[in-house]
Each structure stands twice: as C-alpha cells, then as structure tokens.
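Below are the sequence and a predicted model; questions follow.
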Amino acid sequence: MTGFLTRYGAALAGVALFCGFALASPVFLTAGNMAVVFKETAFLGILAVGFTLALVTAEIDLSVAEVASLAAVVTGALVHGGQAPWIAICAGMAVGIACGAANGLAVTVLKVPSLIATLGTAAIAKGLGFMLTQGVAFVGRWPTSFTGLARGNTAGLPNLVWWLGGVGLAAWVLVKWTRTGAHLVATGEADEAARLAGIRTLSMKRLALTLAGACAGLTAVLLASSLSSAAPGMANDHFLYAIAAVLLGMSMFEPGRPNIPGTLFAALTLKVLGNGLVLLGAEYYWQDIVLGTIILASVALSAAGTGRAPFVKKLNFRTGK
Amino acid sequence: MALLSLRGIGMRYGAVQALTGIDLDVTEGEVLALCGDNGAGKSSLVKILSGAQAPSEGSMALDGDATRFRGPQDALRRGVATIYQDLAVAPRLSIWQNVFLGSELTRPPFGLLDKRRMAEASRGYLARLAVDIAEMDTPVERLSGGQRQAVAICRALRWDARIIIMDEPTAALGVKETAQVLDLIRRLHAEGRTVILVSHAMGDVVAVAQRVVVLKGGRKVADRPVATPDGALRAEELAQLIIRGAA
C-alpha cells in the first residue's frame, strides 16, 4: 500500500484536484475551458519533456524558456518578414537545437556544470532576443499555413494536443525502450559505472541537452503559431512551471526519477490547478505561491518516498570526466 | 602456455614510479590473488590489466599474442572483465539493467529493448552462481552486498569473460556476505574461469586462491602457490610478505 501511494499518490491528488474543480466551478468542465487547459498544457508539456530528458542524464537545463523565447522571435521575425513558413519553422527549431548543442559542449568539453552553463546560455539567449527585436513584438496576420500548425483540430482533438502526445510518446519510447535511452538513464544514474561499461556518457549528455533545446525550439514554433505573434521573453512564464512539472512528475509513477509520464501528468495537473484557481476567483499571485509550494513539496515527497532527496545528487557541481 | 602474460611492465605517473618491471603469468583456470599494502601498486596493475590505462613500459600477451587494450570495453570484448570495488553496479537500476549495462539486447523489427530476454538471461546467470533472487526488476540497491557482487559477476558472464578481475570484492562486506562472495569465486573457478582477486583480506586469499602475488613499492616481491609441500600458506605468513616483502 505504501508503495502504491508513493507511486501514484501525487497523481491521485491531481485527479482529486480535477474532480474538485469540476464540482466547484460550472465553467471548468466545459469544452471551451478544457481546450484552453490542454493547449496551455501542450506548451508547458513539450518544454518540460525537454527538461526531463536533460535531467535523465543528471544535467539541468535552466535555459529552456529563454531559448524558446529566442527561437520564437527568430521564427516570428521570418514569418513576419514574409519568408516561407517552413523556413521560419526550420530556423526556430535550429535555434533551439543550436542552443542545446552549445549547452552540451559547454558541459562536456568546457566542463562547466550544467547549472551554470545553461544559466549563461539563458542570459545570452535573452540578450539576443532583445537585440533581434529591439524589444518590439512581431504581431500580424500570418499565413494560415503557419498558424495552422498549432490552431485548429485534427481528428477531433486540438492540434496542440497531438503535438504534445507525439513528443511525449517519442520521448517515452526513447527513454524506456531504446538502447540510447538505456544509456541516457545509466549516464544519469551512475556515470562512472556507465563509462566503464563502455557507454559514451559525454555523448549521452550532449544528446540529452540538444534534445532539450529541440523541445524548446518546437515549443517556440508552436507558441508563435498559436498566438500569431512573437515577442522577447514570451516563453518565460513557462520556466518555473516546467521545473515544477518535472519535479512534481518525479513524485509520480517512478518516484525519485525524472520520467516522461510523470512530467506530462504533472504538467496537466499544474495547468488544471492554475485554471481552477482563476475560475474560482483567486488573485493571480496565488498561482506563483502555489507553484513554489508545489516545487518544495514535490522534492520533499520524493525524498520521503525514496529515502533520499533525488535532486541533491543532480545539483552538485560535478560533471562527467 | 599462460593465458595472460606481462613482461617488464612499468607505470609512471609524472615523477612517481608506481610499477617497476612486473613479470606475471596468469594460468587459465586459476584463482590468482594480488596482494599488497596501500600504495604497493595494486591499483595501477589492475588498471593496466583491465585496459583502463596503458602501461608506460613493458608488454602484454593474451593467449601468446602480443596485445594492448584500447580501453575497458576493448578488454571486455577480448574476455577480460573487471569488477571495480565501488563502481561495479548502478545502484538504482534493476538487476537486468546492470547485467546488460552498455550491451543491451534488442529485438526486431524496431530494435526496441528486449526486456524479457534480458531478465531471463540474468536469471540464468544468477542461477549459475546459485544466487536466488526472484525479481529481476529489483533495483540493485535493495540487494545485499554479496548479491550485488553476484550481479556484477553476471555482467562478466554475459560477456563470457575468461578472466574476471575482482577489485577488493569483500572490502565493504560483513562476515556472512564475504562467505557468499568467496563462494561465488569458487563457482567461477569450478566453471573453469580465471579469477584475479585483488584483496587486503588475507583470510579470503588463502581460502580461495591457488597462487599469491605480492607487490611492494611497485615491484613483485613474491609469487608462490598457496598450497605447498609443507602445507598451506598461512595468513600470518602472507601478512609478513605484504609488510616486509619477505616471509
């Protein structure tokens, strides 16, 4: 029973929350509101999946949100300037991938701990975003071939939900069912033992950080597509949410470990919570207070469940040799 | 013919001469103990044997052919597996994940992990070592110290290693678990595998090894069988060899 609660306790709390809001607010369960919640979850979820992949190799990517903001303004600038949407999309993805690869090189070649390296990348991305835009947002009537990526439905579900499902499924299969995934996990769990077993742990770290960047790039493209605009700092609201989703996700399904289903379920829970609080008339600042509490509580919960604080090991200033 | 032989092996780290002129012949099927005090050169020699480090001088031959390991993985592929004291297993990973660490099995058509086959095979290896664990999904951190060593040995068996180097396998273990590990070594010996046991524990050495090599100050000071015409080598004699370099 204890095992069951450790595994599914946080997830059950999420379900209870959902039911509570459904009972307390007549608007909550309406199709319109649910669509809003799931779309918001999509941006957060894809960003958080990237963060999860980095954390699987015991590296922390604090740059995901700023990188997404930069990729969004690059995409937006190109669409706004009349470039073909596919060029803009590729450019946005390329920015994300390049930033992720830069993080990977900083961590594995320059031996800068990821906590610091990604903080640096975040600051650079932020600066570049303002440099490109001079602080002005790109807003316009963009071609539907671009906005259609994120808007609209396919087979009865919002496109954004398909994107999230696709990314989540791909990441889950990668981590749980492929050799590369097994090597990512081994690198994060015991990098020296993994290295001695012939696993190329530095390549694994570079791969994970690059994938985190790619997820940030995709989030950016979808954000710009959905809002038909791009502005510096536009993804920054997702930063703390993404961290909270990953940490809360670590208290579910596979306690103490970053895991994709946990991240996705936690992302949904957080968005349900935010939405519900708004519907119930809570002031906006309550969201931040609740979010911070969840970050603290979920790490404490994982620590209690597994007998140690999982994040402590991840946060120490040690990178692979 | 010796399975693995070293000639004139030397190891130098900057100004420090860690090993000097080591000649060593490892015979197929023996349990060879490698002893010495801290700083005697055991770790350096293990690193060379395991392929983690190339010697500064001297040569190695495997099955009579001159050889040079390009890394631990290269040594492993050629049948020399090393079980490192603290790094033998990834604690939070399951038994099968540890046994197949870095060499996972996949199945067609998508090349996804074949978890069932890895779990079955792990069970088989453990059975060969007469270790009884029911659940292959158990994280290794929940096993006893002796069982953990068994899991590490299973990884060597998975590579069908002919030479298994065990670095201080009983150093952190209690009496009962030490006995279990010595049992594991006897089983490997019974299977015809060659074991190089690096150990401080004199009692363990005389209990399972057929031959003892003692290092002191980076040189080989003794190389003798455990069983002699005058009876078995006693732990006290071995202690004298390690401390003074002579019995």
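Received the coordinates, thanks.

quick one, helices of the chain?
By default, I'm working from chain A. A:2-24, A:31-56, A:64-80, A:85-108, A:114-133, A:144-147, A:159-177, A:179-189, A:191-196, A:201-227, A:238-249, A:260-279, A:285-306, A:310-315 (DSSP state H).

um, chain B though
B:42-50, B:72-77, B:95-99, B:115-128, B:145-158, B:175-190, B:202-208, B:235-244.

which stretch among the ones you listed comes nearest chain A?
helix B:72-77 (3.5 Å; CB to the nearest CB). All C-beta atoms are positioned from the backbone trio N, CA, C, and that covers glycine.

Any figure for the gap between B:H200 and A:A122?
49 Å (CB to CB, to the nearest Å).

neighbour count winner among these two?
A:A122 (23 against 15; other CB atoms under 10 Å in any protein chain shown).

Of the helices of chain B, which stretch is the most buried?
helix B:95-99 (a mean of 27; mean count of other CB atoms under 10 Å in any protein chain shown).

need the helix or strand of the chain with the lowest average pLDDT.
Unless you meant another one, I'm taking chain A. Lowest by mean pLDDT, DSSP states H and E among the helices and strands of chain A is helix A:310-315, with a mean of 47.

Chain B was what I was after
Result, chain B / mean pLDDT, DSSP H and E: strand B:231-232, a mean of 71.

Partner strands of that one, with direction?
Here strand B:231-232 has these sheet partners by DSSP bridges: strand B:227-228 (antiparallel).

Can you give the contact residues for the strand it pairs with?
The list of residues contacting strand B:227-228 from outside it, by CB atoms under 8 Å, 6 or more residues apart in numbering or on different chains, reads B:210, B:233.

so who does the residue of chain B positioned farthest from its centre touch?
Distance from the C-alpha centroid of chain B, by CA atoms, centre = their mean, peaks at B:P109 (37.0 Å). B:P109 makes contact with no residue under the criterion CB under 8 Å, 6+ apart.

Next, count neighbours for the nearest residue to A:L264 once chain neighbours are set aside.
Leaving aside its chain neighbours, A:L264 sits nearest to A:G168 (5.0 Å; criterion: CB to CB, 6 or more residues apart in numbering or on different chains). For A:G168, the neighbour count with other CB under 10 Å is 21.

now swap in A:L5 and tell me
By other CB under 10 Å, neighbour count at A:L5 equals 12.

What separation do you get for it and A:A303?
Where A:A303 is concerned, A:L5 sits at a distance of 15 Å (CB to CB).

Ok, B:M166 next?
The value you get for B:M166 to A:A303, if CB to CB is used, is 34 Å.

neighbour count winner among those two?
Neighbour totals were compared for B:M166 and A:A303, and B:M166 leads with 28 against 17 (other CB under 10 Å).

got a list of what that one touches?
B:83, B:149, B:153, B:185, B:195-198.

A:L268: neighbouring residues, count only.
21.

Ok, A:V27 next?
13.

ok, now A:F130?
A:F130 has 15 nearby residues by other CB under 10 Å.

Equivalent analysis for the one 5 residues further on, please.
The burial count assigned to A:G135 is 11, neighbours taken as other CB under 10 Å.

Skip the chain neighbours and tell me the closest residue to it.
Nearest one to A:G135, counting by CB to CB, 6+ apart, is A:P232 at 6.5 Å.

sorry, back to before: out of the helices of chain A, which gets the lowest mean score?
The minimum mean pLDDT among the helices of chain A belongs to helix A:310-315 (a mean of 47).

what about chain B, any weak spots by pLDDT?
Within chain B, the stretches with pLDDT under 70 are B:229, B:247.

Which residues of it lie near chain A?
B:52, B:71-73, B:76, B:82, B:84, B:87-93, B:97, B:101-104, B:106, B:111-113, B:155 (CB under 8 Å from any CB of the partner chain).

Which residue lies nearest the spatial centre of chain B?
Short answer for chain B (CA atoms, centre = their mean): B:I165, at 1.6 Å.

I figured that residue was touching B:V198, is that so?
Yes. With contact defined as CB atoms under 8 Å, B:I165 reaches B:V198; the gap is 7.0 Å.

Common neighbours of these two, please.
With CB under 8 Å, 6+ apart as the test, B:I165 and B:V198 both reach B:V46.

circling back to that earlier point, list the contacts of the residue nearest to A:G135.
A:P232 neighbours (CB under 8 Å, 6+ apart): A:69-70, A:73, A:126, A:129-130, A:132-133, A:135, A:137.

repeat for B:M11
B:17-19, B:41, B:44-45, B:48, B:53, B:55-56, B:218.

and which of those residues is nearest to B:V181?
B:L45 (21.0 Å; CB to CB).

Make sure that closest one is actually in contact with B:L215.
Yes. Counting by CB under 8 Å, B:L215 is a contact partner of B:L45 at 6.9 Å.
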